[in-house]
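*Asks:* Need a 3D model of the following:
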Amino acid sequence: MSLVIAENLSKTYITGEIAIDALKGLSFEIEPASFISFVGPSGSGKTTLLNLIGCLDAPTSGTLKVSGADVSLLGRKSAADFRGKTIGFIFQDFNLLPVLTVYENVEYPLLMVQNAPAGERRSRVLSLLDSVGMAGQKDKYPDQISGGQKQRVAVARALVTKPKLVLADEPTANLDHKTAYMVIDIMKKMKDESGTTFIFSTHDQKVVGEAETIYTLEDGELAGRNSKGGNGHA
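*Replies:* Numbering: from 1, shown residues only. Next comes the predicted model:
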């Protein structure tokens, strides 16, 4: 069964007397264990779409199912619970908590969302930090590590709850060429090993080049879809 199913998905923002159609009637399906990019110019609706899939916002019309749940019908608390159990997030500005160590940043979702036992938390956090090459930096704080290292920590944090889906909004925007490829490779490895689906909103051709399926958004509409024989179909 498809992991994400959008049918005639629309989002309109009302500002005073002005209505802005951010998304207009999008329909697509994304399969489990796939690497997907949504591309398009600024203002095309990429971030709005990720916010809908991530249950951070609700569509104005249409239906959106994620992992079998119709998330367009979820209330705020239900959406937060679903998000915590099903979805991981990676942001271009990392969003690490400055007062927590690398280890504590990765552990944080397990405390806040899943309330996992201490032993399980420790083994999961250390395993992921090792996978992203950050185990040796676990006691450092975010301001003591580089941008690339921060993004690797952010990848580990996004994956620590074992989400079925990770949403990444411009995850390589603040990284140099070499580090960006390193982070992309880590995410591909996680997809292959854990069956996690990654959905990117990006301008970065490095990310686009690695995607199995590329959806192009223009003015809130789905303007094209290019598949390299990977998963995902419209």
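
*Asks:* I'd say residue 97 and residue 107 touch.
*Replies:* No: between residue 97 and residue 107 there is no contact under C-beta atoms under 8 Å: 10.9 Å. The way it works is simple: take the backbone N, C-alpha and C, and place the C-beta from them, glycine included.

*Asks:* Compare neighbour counts for the two and give me the winner.
*Replies:* A count of neighbours by other C-beta atoms under 10 Å puts residue 107 above the other of residue 97 and residue 107, at 25 against 12.

*Asks:* gap between residue 161 and residue 204?
*Replies:* Taking C-beta to C-beta, to the nearest Å as the measure, residue 161 falls 25 Å from residue 204.

*Asks:* ditto for residue 30
*Replies:* Where residue 204 is concerned, residue 30 sits at a distance of 20 Å (C-beta to C-beta).

*Asks:* ditto for residue 174
*Replies:* 11 Å.

*Asks:* Give me the more crowded residue out of the two.
*Replies:* residue 204 (19 against 16).

*Asks:* Can you tell me the SS state at the residue lying closest to the more buried one once chain neighbours are set aside?
*Replies:* Of all residues not flanking residue 204 in the chain, residue 172 sits nearest, at 4.9 Å (C-beta to C-beta, 6 or more residues apart in numbering). Secondary structure for residue 172, judged by DSSP: H, G, I helix; E, B strand; the rest coil, is coil.

*Asks:* Any idea how many residues pack against residue 172?
*Replies:* 25.

*Asks:* per-residue confidence at it?
*Replies:* With respect to pLDDT, residue 172 scores 85.
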